[in-house]
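**Q** Sequence and predicted model, in that order:
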Amino acid sequence: MSTLVMKFGGSLAADARSIRRVAQIISAESLAWQHMVVVVSAMAGATDSLTRAVDLAAARDGVGYRRQVAAIRAQHTAVIDSLFPAVALCQHLTRQLDGWLFDVLSVLDAVCARREAQARDRDAVMAAGERMMADILIALVQSEGLRSALIRSTEWMLTDDHHQNANPLTEGVEERVERVIKPLLAAGMVTLTEGFVGATRNGTLTTLGRGGSDYSATVLAAALRADEVWVWTNVDGIMSADPSLVPNARVIDHLSYDEMRELSYFGVRVLHPRAVEPLLARLTPLRVRNPFRVDHGGTLIRAEASAGGLKAVSAIDGLLLETRQAGIDLPDVLSRVARAVGQTANGPVSVMQSQGRAALVFVVPTSEGPQAVATAAQKLSAALQSRWSVRVVKVIAALGALPNVSVPGITALASTRTEQRCILAVAPEDVQPAVRYLHRLM
């Protein structure tokens with residue numbers, strides 16, 4: 001029995017036109033597969049707006065967070081009005097929308113009263129984005145005649161209680177998928193569910209971290225023993241470099257699971273860094289595609305690596321820690337870094353030591369947000385004091401075999417090389433010329 005899991009990114013839920021296209025893809029592919037599950041993301045910008053609302057509530061800016069919620073409501077009601085000509089259906093969806101936002105405001109009011117946002121508060125607020133979008137999409141595909149059902153992700157995505165970055169509990173997920181999703185598929189129903197959102201055993205809402213809808217999709221695919229996973233996004237596939245840095249970047253036809261994990265870790269934002277993990281046991285293929293270019297095959301991600309040299313160049317925010325002291329206690333330094341910034345700094349991805357210098361390079365995941373690297377630098381400077389200098393850098397990762405070359409005109413502040421990748425830490429202003437030079441070596 002062929003089973004497909006499809007996930008649609010938030011960029012494909014930015015407006016009524018894009019959401020209509022998503023519904024068309026769902027209807028078309030439902031004819032080609034015996035069983036199909038669709039994982040839904042929040043509307044473009046909704047998660048950021050909800051996060052901002054929590055921050056404003058913690059700062060006791062009551063006007064500010066209410067304006068954020070009002071803007072979210074206006075964005076969603078505009079889409080509802082555009083998609084659904086029937087007045088009764090519009091009113092029904094608006095009532096659902098207002099219900100979710102009422103819950104959001106209740107949490108925000110509590111955050112404002114105590115002047116603090118706990119991680120569980122952020123999860124409760126941020127989960128609303130996926131829930132609102134799921135209501136809209138299921139109504140659209142059902143209005144167009146597709147036999148379909150919506151299952152809330154809290155009914156099957158069982159997680160631990162690590163709020164804001166929860167871990168799925170595999171055995172519990174499999175048991176719940178068997179109980180609540182497989183009967184719908186057996187009855188011929190296309191099943192929609194939210195990504196990113198889960199719940200603990202006692203029903204407390206959790207989220208899987210930014211970009212977690214990809215991870216939700218692959219966890220679900222593993223539980224269903226799906227034949228394939230398709231991630232639909234607004235690009236044609238995984239690119240050889242960020243097109244904003246390299247305009248002539250091209251789509252990579254094939255990547256291995258390991259290569260995709262490397263690229264996700266080092267800043268390629270198309271997939272969550274843990275998205276491929278659930279697929280490894282059964283070697284389930286994953287394909288990244290563009291719904292507005294269905295004639296394009298996208299990028300196929302599978303177990304086997306294709307032959308070739310340098311495949312991709314990525315860049316991500318990072319931190320360079322340097323000291324002139326002779327010899328360092330590396331475990332002690334790493335412990336102090338972890339205490340100061342937690343998971344905001346990953347690594348180190350490069351460690352360089354000589355008689356007169358030691359340098360450590362960390363990466364700051366894109367999921368931490370645009371201000372995370374500056375905040376982490378400030379915290380580390382305070383924690384490590386004058387014995388270490390802390391510098392914001394760009395960490396460039398070149399994936400694949402790379403000739404032993406230096407980048408003309410660019411000073412590598414730190415570097416390391418293996419057979420699989422080359423890591424360079426450069427000043428932020430040097431990132432574009434460095435990435436472009438390396439990309440030309442492909």
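**A** It's in. Numbers count the residues shown, from 1 in each chain.

**Q** Show me what the helix or strand of the chain with the lowest mean pLDDT is in contact with.
**A** Least confident helix or strand, the chain: strand 414-417 with a mean of 84, by mean pLDDT, DSSP states H and E. The contact list for strand 414-417, computed with Cβ atoms under 8 Å, 6 or more residues apart in numbering, reads 320, 349-352, 359, 361, 402, 404, 422-425. Glycine gets a C-beta too; all of them are placed from N, C-alpha and C.

**Q** between those residues, which is nearest residue 396?
**A** Comparing the contacts of strand 414-417 against residue 396 with Cβ to Cβ places residue 424 closest, at 4.4 Å.

**Q** That closest one falls within a helix, correct?
**A** No - going by DSSP: H, G, I helix; E, B strand; the rest coil, the assignment for residue 424 is strand, not a helix.

**Q** State the number of residues packed around it.
**A** For residue 424, the neighbour count with other Cβ atoms under 10 Å is 29.

**Q** what does residue 140 give?
**A** Neighbour count of residue 140, defined by other Cβ under 10 Å: 23.

**Q** So which bits of the longest helix along the chain are buried?
**A** Ranked by residue count, the top helix of the chain under DSSP state H comes out as helix 87-114. Residues of helix 87-114 classed as buried: 89-90, 93-94, 96-97, 100-101, 104-105, 107-108, 111-112 (neighbour count, 16 or more other Cβ atoms under 10 Å).

**Q** Okay, buried residues for whichever helix or strand comes after it please.
**A** Downstream of helix 87-114, the next assigned helix or strand under DSSP states H and E is helix 119-143. For helix 119-143, a neighbour-count test (16+ other Cβ under 10 Å) marks 120-142 as buried.

**Q** After helix 119-143, which helix or strand is next? Please name it.
**A** strand 148-150.

**Q** Sheet partners, orientation included, of that following strand?
**A** Using DSSP bridges, strand 148-150 pairs in its sheet with strand 190-194 (parallel).

**Q** got a list of what the residue most central in space within the chain touches?
**A** In the chain, the residue lying closest to the centroid (Cα atoms, centre = their mean) is residue 211, at 1.7 Å. Shown in contact with residue 211 (Cβ under 8 Å, 6+ apart): 269, 271-272, 366-367.

**Q** Closest one of the residues you listed to residue 304?
**A** Among those, and counting by Cβ to Cβ, the member closest to residue 304 is residue 271, at 18.1 Å.

**Q** so how many other residues sit close to the closest one?
**A** Counted with other Cβ under 10 Å, residue 271 comes out at 26.

**Q** With residue 412 instead?
**A** 17.

**Q** For the closest residue to it other than its chain neighbours, give its distance to residue 21.
**A** Spatial nearest neighbour of residue 412, excluding adjacent residues (Cβ to Cβ, 6 or more residues apart in numbering): residue 424 at 4.8 Å. For residue 424, the distance to residue 21 (Cβ to Cβ, to the nearest Å) stands at 39 Å.

**Q** Next: residue 7.
**A** For residue 7 relative to residue 21 (Cβ to Cβ), the value is 15 Å.

**Q** Mind checking which of these two has more residues around it?
**A** residue 7 (28 against 16).

**Q** Going by residue numbers, what spans are strands in the stretch 251-400 of the chain?
**A** 254-256, 286-289, 299-302, 312-323, 346-353, 358-363, 389-399 (DSSP state E, counting those that start in this stretch).

**Q** In the record's domain split, what are the boundaries for the protein?
**A** Under the assignment automatic domain parsing, the domains of the chain span 3-232, 312-440.

**Q** burial measure for residue 160, as a count.
**A** 14.

**Q** brain fart, residue 411
**A** 11.

**Q** re the thing from before, quick check, nearest of the contacts of strand 414-417 to residue 377?
**A** residue 320 (9.6 Å).

**Q** which ones are touching that closest one?
**A** Here residue 320 is in contact with 359-361, 390-393, 413-414, 425 (Cβ under 8 Å, 6+ apart).

**Q** let's see it at 7 Å
**A** Residue 320 is in contact with 359, 361, 391, 393, 413-414, 425, counting by Cβ atoms under 7 Å, 6 or more residues apart in numbering.

**Q** Check residue 68 too.
**A** 49, 52-53, 56.

**Q** Off-centre distance for the least confident helix or strand of the chain?
**A** Taking Cα atoms, centre = their mean, to the nearest Å, one finds strand 414-417 lying 27 Å from the centre of the chain it belongs to.

**Q** cool, stretch 86-102 as well?
**A** 28 Å.

**Q** Report the rounded mean pLDDT for it.
**A** Averaged across stretch 86-102, the pLDDT comes to 97.

**Q** what's in contact with it?
**A** 69, 72-73, 76-77, 80-81, 84, 128, 131-132, 135-136, 139, 143.

**Q** One more: stretch 109-124?
**A** 54, 57-58, 60, 62, 107, 163-164, 204-207.

**Q** Low-confidence stretches in the protein?
**A** Filtered on pLDDT under 70, the chain yields the residue ranges 1, 307-308, 326, 403.

**Q** Now residue 14. Nearest residue, chain neighbours left out?
**A** Per Cβ to Cβ, 6+ apart, closest to residue 14 is residue 44, 3.8 Å.

**Q** Now the phi/psi pair for residue 231, please.
**A** phi -110, psi 110 (degrees, to the nearest 10).

**Q** Contacts only, for it.
**A** 7, 214, 217, 271, 286, 288.

**Q** Ok, which of the strands of the stretch 251-400 of the chain comes nearest residue 264?
**A** Judging those by Cβ to Cβ, what sits closest to residue 264 is strand 312-323, at 9.0 Å.

**Q** Partner strands of that closest one, with direction?
**A** Under the rule (DSSP bridges), strand 312-323 has strand 358-363 (antiparallel), strand 389-399 (antiparallel) as partners.

**Q** Highest mean neighbour count out of those strands?
**A** strand 358-363 (a mean of 24; mean count of other Cβ atoms under 10 Å).

**Q** now that strand against strand 346-353, angle please.
**A** Between the axis of strand 358-363 and that of strand 346-353 there is an angle of 160 degrees, by axes from the mean of the first three to the mean of the last three Cα atoms, to 10 degrees.

**Q** Provide the contact partners of strand 358-363 at residue level.
**A** 266, 316, 318-323, 328, 345-352, 395, 414, 423, 425.

**Q** All good on my end, thank you.
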